[in-house]
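> build me a model from this:
(one chain, ligands or ions: 1)
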Amino acid sequence: MTPPSPRSADLSSAGLNIADVVIVGAGVIGASVAYWLTRLEPSLAVQLLERDRSFAQASSALSASSIRQQFSSPLNIHLSRFGLGFLREMGIDVTERGYLYLGNAAALRAINAVQRANGADIALLSPAELSARFPWLNVAGIEMGALGLSGEGWFDGPALHAELLRRARAQGAQLIDGEAKGFERDAKGRIGAVLLADGSRLACGHAVNAAGPWARALAAAAGIPLPVHARRRTVFVLSCPQALADCPLLIDPSGFWFRPEGRYFIAGTTPLPDLDDLPLQPNLAEFDEALWARMAHRVPAFASLRVERAWAGYYEMNLFDANAVIGAHPDAPNLWFANGFSGHGMQQAPAAGRGIAELILHGRFETLDLAALGFQRLLDGRPLVESIVIG
Ligand SMILES: Cc1cc2nc3c(=O)[nH]c(=O)nc-3n(C[C@H](O)[C@H](O)[C@H](O)COP(=O)(O)OP(=O)(O)OC[C@H]3O[C@@H](n4cnc5c(N)ncnc54)[C@H](O)[C@@H]3O)c2cc1C
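Numbers count the residues shown, from 1 in each chain. Below is the predicted model:
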């Protein structure tokens with residue numbers, strides 16, 4: 001596929017407001033697509049449509065912004081490794097304290113072999129080694145820990161988002177206020193325009209669904225079912241009188257996580273039941289009901305935790321297989337999806353944006369082959385297996 005730029009760029013310059021690409025949603029994913037499109041093809045007319053420039057409810061503003069290489073699927077490992085390189089290129093610091101997964105020795109050993117074969121720097125630690133390294137940790141019932149020695153940790157997510165947006169705009173992408181409500185399509189299913197809530201239309205050669213937790217509604221407007229659901233996650237900001245030396249991002253086998261954040265800790269867990277579209281107010285009861293006892297069991301010093309504040313954001317959960325959907329649906333060949341990152345979209349945004357840009361510009365992936373994350377697997381009922389999902 002060749003870029004539609006010559007024709008639409010001519011029309012744009014003639015004042016007809018036809019973009020080569022309209023991207024719906026200017027969160028980190030939409031900003032990354034815009035950044036890569038304009039970096040790889042500076043003459044392209046790219047419009048980034050956003051209904052709320054405050055990003056108050058956007059996942060990109062409410063994320064825990066951590067990056068790991070401890071996935072079980074090589075593709076996810078490579079997506080995150082690309083993200084790590086990109087953060088370094090942008091000059092965004094990563095606090096490389098690692099993730100620490102606690103769990104079953106046989107399972108961690110099997111996954112570790114895949115991780116090491118794909119360049120991830122992950123060490124397996126016995127309970128005795130864990131106790132020596134993290135004396136504040138209760139290793140009762142723990143068979144093994146997997147610790148990222150480099151290339152894993154956390155970063156300033158809003159800084160990545162802001163930098164992608166700033167650079168995309170400096171490279172010529174236009175940020176437009178407005179809400180997409182639907183699409184104009186021809187008999188072959190091709191998108192000719194994005195239709196806005198105010199009744200206007202943005203004619204385009206390609207459209208991108210980068211609507212984050214709201215991606216399912218936008219896909220439905222094109223008649224395409226997308227199993228991406230907005231699932232609220234509460235993040236607690238906690239203080240603890242005792243410091244925990246060298247504390248990594250810890251994933252407990254019971255399903256909660258915590259990590260340091262400045263002089264505080266942040267923590268969260270998967271809520272039960274896990275319902276769609278709950279209002280974005282933190283569920284404060286979750287701390288007492290589902291977190292505190294488990295945290296204090298794993299780290300006895302956490303018995304004196306204090307909740308300082310909490311916030312809530314939506315995971316854009318792909319209920320099919322908890323992995324991103326990157327590519328087009330066969331029924332709409334110029335509507336591109338970059339959705340359903342299921343809790344790892346911040347770290348995968350650089351690679352996902354580049355992948356979509358390559359598909360639009362060259363009709364194929366050129367840097368990382370992301371074909372396994374395409375729509376076809378949903379149509380074929382073939383989930384991409386990723387056993388390390390942080391719900
Ligand atoms: C609590 C929490 C913790 C997380 N922790 C991590 C982590 O540690 N590491 C990690 O990698 N990821 C993490 N994530 C996931 C990550 O934050 C998301 O995957 C990522 O931010 C998704 O970006 P996005 O651009 O797709 O969505 P968003 O940031 O939500 O952006 C979508 C944008 O689309 C706009 N929009 C929607 N519909 C329309 C429309 N019809 N018209 C116009 N605009 C529209 C919205 O206003 C919004 O601004 C976490 C998420 C949460 C909620």
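> close to the ligand: what parts of the stretch 201-350 of the chain are there?
Counting by C-beta under 6 Å from any ligand atom, the stretch 201-350 of the chain comes close to the ligand at 210-214, 218, 233, 235, 313-316, 341, 343-347. For glycine as for every other residue, the C-beta is placed from the backbone atoms N, C-alpha and C.
> from these, which ones fall inside strands?
Those of those mapping onto strands are 233, 235, 313, 314, 315, 316, per DSSP state E.
> next one: residue 108 from residue 116, what distance?
12 Å (C-beta to C-beta, to the nearest Å).
> ok, now residue 382?
26 Å.
> could you do residue 360 as well?
35 Å.
> which one of these two has more residues nearby?
residue 360 (26 against 13; other C-beta atoms under 10 Å).
> got the phi and psi for that one?
The phi/psi pair for residue 360 (degrees, to the nearest 10) reads phi -70, psi -40.
> what's the answer for residue 357, then?
The phi/psi pair for residue 357 (degrees, to the nearest 10) reads phi -60, psi -40.
> now the residue nearest to it when sequence neighbours are not counted, what's its secondary structure?
Leaving aside its sequence neighbours, residue 357 sits nearest to residue 36 (C-beta to C-beta, 6 or more residues apart in numbering; 3.6 Å). Recorded secondary structure, residue 36: helix (DSSP: H, G, I helix; E, B strand; the rest coil).
> need the pLDDT of residue 36.
As predicted, residue 36 sits at a pLDDT of 98.
> so it versus the ligand, what's the distance?
Relative to the ligand, residue 36 is positioned 14 Å away (criterion: C-beta to the nearest ligand atom, to the nearest Å).
> identify the residues contacting that residue.
Under the criterion of C-beta atoms under 8 Å, 6 or more residues apart in numbering, the contact list for residue 36 reads 353, 354, 356, 357, 358.
> just name the closest of those residues to the ligand, please.
Set against the ligand, the nearest of those by C-beta to the nearest ligand atom is residue 353 (9.6 Å).
> so that closest one sits in a strand?
No - assigned with three-state DSSP, residue 353 falls outside any strand and is helix.
> residues in contact with the residue nearest to the spatial centre of the chain?
The centroid of the chain falls nearest to residue 345 when counting by C-alpha atoms, centre = their mean (0.7 Å). Shown in contact with residue 345 (C-beta under 8 Å, 6+ apart): 28, 29, 59, 60, 63, 212, 316, 324, 352.
> for the record, mean pLDDT for the helix or strand where residue 129 lies?
Per DSSP states H and E: residue 129 is located in helix 127-133. Helix 127-133 shows a mean pLDDT of 98.
> likewise for stretch 381-389?
On average, stretch 381-389 scores 90.
> give me the buried positions along it.
Going by neighbour count (16 or more other C-beta atoms under 10 Å), the buried part of stretch 381-389 is 384, 386, 388.
> which residues sit against it?
With C-beta under 8 Å, 6+ apart, stretch 381-389 has contacts from 70-73, 75-76, 101, 107, 111, 320-323, 342-343, 372-373, 377.
> again, but for stretch 93-104
With C-beta under 8 Å, 6+ apart, stretch 93-104 has contacts from 66-68, 70, 84, 87-88, 108, 130, 134, 139, 142-156, 246-253, 259-260, 298, 388.
> what's the end-to-end length of that stretch?
Distance between the two ends of stretch 93-104: 32 Å, counting by C-alpha to C-alpha, to the nearest Å.
> what do you get for stretch 186-199?
One end of stretch 186-199 sits 19 Å from the other (C-alpha to C-alpha).
> relative to the whole chain's centre, how far out is stretch 174-194?
24 Å (C-alpha atoms, centre = their mean, to the nearest Å).
> do it and the ligand meet?
Yes - against the ligand, stretch 174-194 shows contacts by C-beta under 6 Å from any ligand atom at 179, 180.
> quick one: mean pLDDT for that stretch?
In this model, stretch 174-194 has an average pLDDT of 96.
> quick one: contacts of it?
Identification of contacts with stretch 174-194 by C-beta under 8 Å, 6+ apart yields 19, 22, 24, 26, 45-51, 53, 165, 169, 195-198, 200-204, 206-207, 211, 218, 221-222, 331-335.
> let's have the buried residues of stretch 381-389 in CSV, adding distance to residue 187.
Shown next, in CSV, are these (distance: C-beta to C-beta, whole Å):
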residue, distance to residue 187
384, 33
386, 38
388, 44
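> circling back to that earlier point, are any of the contacts of stretch 93-104 buried, and which?
Judged by 16+ other C-beta under 10 Å, buried ones among the contacts of stretch 93-104: 66-68, 70, 84, 87, 108, 130, 134, 139, 142-148, 151-155, 247-252, 259-260, 298, 388.
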